[in-house]
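J.: Okay, structure incoming, though there's no sequence with it:
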């Protein structure tokens, strides 16, 4: 089975001069493969094209399409219909030290990989997950806030805080504001209604988060807002769920601040709305 495609060609190595390897100079998307197609492919590609210029990377839609299509075609020949497809875009090779490549050198590199789905995804959607609260703080960076860049060392450090006793961990800023989990965005129902952290200083604007804000909450007849969320507000949440473009909407059933929390009816309603709108996210 072809597991990796680099610039349209099947291969499993990169030049050691690649700036993504040397400096994390790049960004990526992680997409769900369902019945041979990527349900949110358009949204993922649009985000790559939107955010790449912030990192000084000039990528075209055609470059993305060629690479993704090449991998999907290879998977289809092997009758592989489900899994995870990860696409990375790096600044390629060139430049001196931290200096970016010149215009003549600036050829971005596109890497697309396949991975099998975790076996516990459906169980987590149905029964929920348990979260810890990470000590490691997310640094604030308004320039890079929202972008899913390759520099994930903050998440690596936070993930090292537990073994297997939790499914994921909530991450906060140094000022104590809730931002996200190590691998997903978070939504909380407070007494004032549904809220998700504002990500203008840190965090990743996930594709599923944007879908919830733009379509799914309204489709379910619910209101939602973006705001800062303090630990005290978190402790008063009556429903919580995490979300990502691979796992969909996953109820949270316990955190250290709240203790045990039941899976709420509105979380289930949003799961059904997602399933109705996009195939591949059964609840």
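T.: Cool, got the structure. Quick caveat: nothing in here was measured; it's all calculated off a predicted structure.
J.: alpha carbons only for contacts and neighbour counts from here, please
T.: Will do.
J.: For the protein, just list every one of the strands.
T.: Remark: strands of the chain, listed N- to C-terminal, are 4-6, 9-10, 26-33, 83-90, 109-115, 129-133, 168-172, 178-181, 185-190, 193-197, 224-227, 239-244, 248-255, 259-260; assignment by DSSP state E.
J.: Determine the set of other helices and strands touching the top helix by length along the chain.
T.: With DSSP state H applied, the helix covering the greatest number of residues in the chain is identified as helix 61-77. With contacts defined as 3 or more C-alpha pairs under 8 Å, 6 or more residues apart in numbering; DSSP states H and E, the packing partners of helix 61-77 are strand 4-6, helix 41-51, strand 109-115.
J.: list the buried ones in that helix?
T.: Residues of helix 61-77 classed as buried: 64, 67, 68, 70, 71, 72, 74, 75 (neighbour count, 16 or more other C-alpha atoms under 10 Å).
J.: and what of stretch 51-63?
T.: When burial is assessed from 16+ other C-alpha under 10 Å, stretch 51-63 yields the following buried residues: 51, 52, 55, 57, 58, 59.
J.: farthest pair in the residues you listed?
T.: Greatest spatial distance among the buried residues of stretch 51-63 (C-alpha to C-alpha): 55 and 59, at 10.9 Å.
J.: pLDDT below threshold where in the stretch 1-150 of the chain?
T.: Low-confidence regions of the stretch 1-150 of the chain, defined by pLDDT under 70, span residues 1-2.
J.: how about a cut-off of 90?
T.: 1-3, 12, 78, 94-97, 100-106 (pLDDT under 90).
J.: Ok, the stretch 151-283 of the chain next?
T.: Per-residue confidence for the stretch 151-283 of the chain (pLDDT under 90) gives these ranges: 279-280, 282-283.
J.: The helices and strands packed on helix 61-77 into a markdown table, with extra columns for distance to residue 222?
T.: Putting the helices and strands packed on helix 61-77 into a markdown table (distance: least, C-alpha to C-alpha, whole Å) gives the following:
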| stretch | distance to residue 222 |
| --- | --- |
| strand 4-6 | 41 |
| helix 41-51 | 22 |
| strand 109-115 | 35 |
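J.: hang on, isn't residue 134 packed against residue 168?
T.: No: the pair residue 134 and residue 168 does not pass the contact test of C-alpha atoms under 8 Å, sitting 9.3 Å apart.
J.: Compute the inter-axis angle for the longest helix of the chain and helix 41-51.
T.: Helix 61-77 and helix 41-51 meet at an angle of 150 degrees, taking axes from the mean of the first three to the mean of the last three C-alpha atoms, to 10 degrees as the criterion.
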